[in-house]
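Asks: What would the 3D arrangement of this be:
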Amino acid sequence: MPLPEKTTVARKAPARTDRPFKGIALMLLSTVFLGTSDVTAKYLSSTLPAIEITWIRFVVFALIMLPSMLPGSPLFALQSKRPGLHVLRGSALLGSSLLFITGLSFLPIAEASATSFVAPLFVTALSIAFLGEKVGLRRWIATAVGLFGVFVILRPGTAAFHPAAFFPIFSALAWAGTLILTRKMSGGERPATIMAYSSIVGVVIVSALVPFVWVTPTWHDILFGLLIGVASTAGQWIVVLAFRYGDASVLAPFSYTQLVWVSILGFFVFGELPDGWTIAGAAFIVASGLYTAHRERIRRSQLLAVAGEPSPNA
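Replies: Below is the predicted model of the structure:
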């Protein structure tokens, strides 16, 4: 007996709507979960290798997404016309997570987080190749200012420089790729589809690596690993939802509030306070990101004006 038609037709992704305030609220909420995940990962890095922490994170991620992977389920989300982009996004997300957690093993949480926030600057560069955008002189200057902030934090050539600082930088590059790919798919793929494929790709890749570094976790480690997986999955899901209600240029600046959460949690959990160099460098990075977002909003308004459409932020 054939199944009813409604169970055999792929569910369509909901259309994007311009509701920037809802997108901003979601982005702010995501930083709470992502900040909690990062601080917990640093705490766990003292007993487990970064690859194993990442493996636990993605296993929990996949288990949470499991209902959406079961054929016949009303939540089934594996029907997609863009599997290649999903593999790329899942790989980029895994790379970002693994590189960042590795850096946390050596760096203060505030320093690693501040450095990783050059991601919006990488988005500017990657948007040229992947989104076909044109980047003007002002945005390139803003990007240069943000990179200067990175140099202020890292202070290469001095005794304060740690080679592990490159981990959050490359993590930011991978995260920028994740954001670009999320944006490319957000209008045509359901959030559950994006998340499900990312979890599958991450588990497959990191499961091939974890046997080489395996350390038997204690129940204490497992519980904190579960917290990392749940918090990071919730944060990622909320980010994907936020992109349905606002442009990256509008939402990205509010991701900087994660610096506040990790600094507060870092103080209470590790007794760490960001030094003056980290605060100064973070200020350059945040200012650069805010200006880049401002220029992007102006550019988008101009494009809508040329097209004869009202600006959603007017």
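
Asks: so where is the protein shaky, pLDDT-wise?
Replies: Scanning the chain for pLDDT under 70 picks out the ranges 1-18, 129-135, 156-161, 186-187, 248-249, 252, 293-297, 299-314.

Asks: And the helices in it?
Replies: 5-8, 20-44, 50-65, 83-104, 109-116, 119-130, 137-154, 166-185, 191-207, 219-242, 248-251, 257-270, 276-307 (DSSP state H).

Asks: The second one: which residues count as buried?
Replies: What it means is helix 20-44. Using 16 or more other C-beta atoms under 10 Å as the burial criterion, the residues of helix 20-44 that qualify are 20, 23-44. Every residue, glycine included, has its C-beta placed from N, CA and C.

Asks: returning to that earlier point: in TSV: the helices of the chain, plus distance to P74.
Replies: Output for the helices of the chain, formatted as TSV (distance: least, C-beta to C-beta, whole Å):
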stretch	distance to P74
helix 5-8	8
helix 20-44	24
helix 50-65	15
helix 83-104	21
helix 109-116	37
helix 119-130	33
helix 137-154	44
helix 166-185	22
helix 191-207	11
helix 219-242	18
helix 248-251	29
helix 257-270	34
helix 276-307	36
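
Asks: show me the contacts for the spatially closest residue to I169 that is not a sequence neighbour.
Replies: For I169, ignoring the flanking residues on the chain, the nearest one in space by C-beta to C-beta, 6 or more residues apart in numbering is T115 at 6.0 Å. Contact partners of T115, counting by C-beta atoms under 8 Å, 6 or more residues apart in numbering, are 103, 107, 150, 153-154, 165, 168-169, 172, 281.

Asks: is it possible to export those to CSV including distance to G235 and neighbour count?
Replies: Formatted as CSV, these follow (distance: C-beta to C-beta, whole Å; neighbours: other C-beta atoms under 10 Å):
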residue, distance to G235, neighbour count
G103, 18, 27
L107, 21, 21
V150, 23, 24
I153, 23, 26
L154, 26, 23
A165, 24, 20
P168, 17, 29
I169, 21, 19
A172, 16, 24
G281, 24, 25
